[in-house]
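[1] mind looking at a prediction? Sequence and model below.
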Amino acid sequence: MRLRRNPAGRGQAEDLRVSSERQPQLGTLGGMTPEQPEDREGGVLPESTLARSARLLSLPLGVAARASVGAGKRLFGGDADQIDAQLKDAAAEQLFAVLGELKGGAMKFGQMLSMFEAFLPEDLAAPFRTRLRQLQDGAPPMPSSKAQAVLRAELGSDWRREFAEIDLRPAAAASIGQVHRGRLRDGTEVAIKIQYPGAEAAIASDLRQIKRLTAVMTPLTGGVDLASIAKEMAARVSDEVDYTLEAGAQSQVAEALAGHPRFVVPRVHQFTQRVLVSDWIDGRKLTTVIEDSEDVRRQAALDYVTFLFAGPKLAGILHGDPHPGNYLITPDGKLGVVDYGLFARLPDGLPKPMGQLIRNALDGDAEAMLAGLAAEGFIGKDVQASELLDYLAPFVEPASVEEFHFNREWSRGQFLRVHNAMQPGGVATRLNIPPLYTIIWRAWLGGIAVLSQLDAKANFASVLREYLPGFARA
């Protein structure tokens, strides 16, 4: 499929084939659904740094206040375990409310935390699980008047002519924008992704403030390295809010994987910097398979891992956001993959040294692994080969057997081990992640977290042998 940019400044696909069955619950536009007046009393995302910072500051202040209340209850004979459970539940409730309502960088940060829930001790994970998972699926939407104002600004005053129907109630609301379901004039069902006004400024402000507050917010997250997460996310803000970049990456993957037996990638039909129109994919969230049979979980996990590894080889693109909200199980059992805001272009596939380094670790060849890591720029300070092998061995454990079981117990053990290795003087503090590998590391680490939530057992080593250059034995 080829994309072209027309004189009005928006991109449009030349091919508008129907991609899914008709669903009747859409509200029609034109004369049947009048445009609502624009709400001029404030934006969807509060753009005042002071206002957003005040909301974020309420999180650590809330922790301190609840700790004081809990101490008082214990002093007067309250059950300590019950009080602790109530405090953690209240912390989870506040965290979801603040991060969800602020959207922007705050919500995006919360969505990242929701992936790593499987790494946390159960007493912390349990109250967070349900509420943080809501951040994977949606948040309070912006008013329809605001959505229509963005469409008018991006597509022109006659934007209604682009669509036969559109549902002004969002199908999903996330950190940077929300998605509406619609239908093109030729009958193609589409997802219309609309960016929140002020998204880029709000995200940048939130992430700066979160980095300042990481020390006092850590009690909310059981020791997760918040500073590193916020820093890595801040580095890619400009790319994620430019839908023209996303459209290019998504189109490349959709063309490369068209007709694939296991994957469905929506074709792009139209785009501007703040609006993206692509095929609608029917399906349920990846995480819903947690309640399914072992066979269903195994297939979903294999498809998920395969897509992460196969994308660079088949399409030259690494999907850099392993967030489970971006993956759908379609009615025919395939894996639908959406949201290409975070990606890396890897025209030659994943770096071959990665596969070679994992193979060296599996073979116990510490010296070869140390030399390879140094050559790729991973070694920052003096590191002994033996301690490096001990540190990295669990990361390659899933590739060491023909069938590996990802679960919360295993992931929590790895989290504690890595957390300890990041203490002053620990081996992790003497390693670097070169720029080429940053997004790959994020995708893989997030993928491990999601697989642990799925509680899946499968032959993951076979995926590496097929799609990770340098891993298979010669």
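    That came through fine. Numbering: from 1, shown residues only.

[2] pretty sure Gly283 contacts Asn326?
    No: Gly283 is not in contact with Asn326 according to Cβ atoms under 8 Å; the separation is 11.4 Å. Bear in mind the C-beta positions are built from the backbone N, C-alpha and C, glycine included.

[3] now do the helices in the stretch 201-350 of the chain.
    All helices of the stretch 201-350 of the chain, identified by DSSP state H, counting those that start in this stretch, fall at 226-234, 237-240, 243-256, 294-315.

[4] now do the longest one against helix 243-256, angle only.
    In other words, helix 294-315. In terms of direction (axes from the mean of the first three to the mean of the last three Cα atoms, to 10 degrees), helix 294-315 departs from helix 243-256 by 100 degrees.

[5] which elements pack onto helix 294-315?
    Other helices and strands packing on helix 294-315, by 3 or more Cβ pairs under 8 Å, 6 or more residues apart in numbering; DSSP states H and E, are helix 243-256, strand 317-319, strand 327-329, strand 335-337, helix 435-454, strand 457-458, helix 460-467.

[6] mean pLDDT lowest for which of the ones you listed?
    Ranked by mean pLDDT, these end with helix 435-454 at the bottom, a mean of 86.

[7] in that helix, which residues are buried?
    Neighbour-count burial for helix 435-454, counted by 16 or more other Cβ atoms under 10 Å, picks out 437, 439-440, 442-454.

[8] of the residues you listed, which is the nearest to Ala258?
    Taking Cβ to Cβ as the measure, Ala258 sits nearest to Ala443 out of the buried residues of helix 435-454, at 22.8 Å.

[9] got a list of what the closest one touches?
    Applying Cβ atoms under 8 Å, 6 or more residues apart in numbering to Ala443 gives the contacts Leu308, Leu318, His319, Gly320, Asp321, Pro322.

[10] so which of these is the most crowded?
    Top of these by neighbour number is His319, holding 26 neighbours under the definition other Cβ atoms under 10 Å.

[11] where does the stretch 351-474 of the chain dip in pLDDT?
    Counting by pLDDT under 70, the stretch 351-474 of the chain contains low-confidence residues at 380-381, 419, 422.

[12] where do the strands sit along it?
    Remark: strands assigned in the stretch 351-474 of the chain by DSSP state E, counting those that start in this stretch are 404-405, 457-458.

[13] show residues contacting the last one.
    Counting by Cβ under 8 Å, 6+ apart, strand 457-458 makes contact with Glu294, Arg297, Arg298, Ala301, Leu302, Val305, Glu403, Phe404, His405, Phe406, all of which sit outside it.

[14] for the last one, give me phi and psi.
    Per-residue torsions, Phe406: phi -80, psi 130 (degrees, to the nearest 10).

[15] which residue packs closest to it, ignoring adjacent ones?
    Leu451 (3.9 Å; Cβ to Cβ, 6 or more residues apart in numbering).

[16] list the contacts for that neighbour?
    Residues near Leu451 by Cβ under 8 Å, 6+ apart: Ala301, Tyr304, Val305, Phe406.

[17] swap the cut-off to 10 Å and go again
    Leu451 makes contact with 118, 297, 300-301, 304-305, 322, 398, 404-407, 410-411, 458, 460, according to Cβ atoms under 10 Å, 6 or more residues apart in numbering.

[18] also Gln299?
    Going by Cβ under 10 Å, 6+ apart, Gln299 touches Arg262, Val289, Asp292, Ser293, Ile329, Gly333, Leu335, Ala456, Ala458.

[19] among those, which two are most distant?
    Using Cβ to Cβ, the contacts of Gln299 reach their maximum pairwise distance at Arg262 and Ser293, which is 18.4 Å.

[20] when these two are compared, which one has more neighbours?
    Per other Cβ under 10 Å, whichever of Arg262 and Ser293 has more neighbours is Arg262, with 14 against 9.

[21] dihedrals phi and psi, that one?
    phi -120, psi -20.

[22] out of the contacts of Leu451, which comes closest to Val241?
    Comparing those against Val241 with Cβ to Cβ places Pro322 closest, at 19.8 Å.

[23] Gly311 is in contact with the closest one, correct?
    No: using Cβ atoms under 10 Å, Pro322 makes no contact with Gly311, being 11.4 Å away.

[24] against Leu436, how distant is Leu318?
    As judged by Cβ to Cβ, to the nearest Å, Leu318 and Leu436 stand 11 Å apart.

[25] between the two, what contacts are shared?
    Common contacts of Leu318 and Leu436 (Cβ under 10 Å, 6+ apart): Ala344, Leu346.

[26] picking that back up, pipe the contacts of strand 457-458 into CSV and attach neighbour count per row.
    Compiled in CSV, the contacts of strand 457-458 are given as follows (neighbours: other Cβ atoms under 10 Å):
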residue, neighbour count
Glu294, 11
Arg297, 20
Arg298, 18
Ala301, 22
Leu302, 18
Val305, 25
Glu403, 12
Phe404, 17
His405, 14
Phe406, 24
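
[27] what's the farthest-apart pair in those residues?
    Spatial extent of the contacts of strand 457-458 (Cβ to Cβ) is set by the pair Glu294 and Val305 at 16.2 Å.

[28] next, count neighbours for Lys457.
    With neighbours defined by other Cβ under 10 Å, the count for Lys457 comes to 15.
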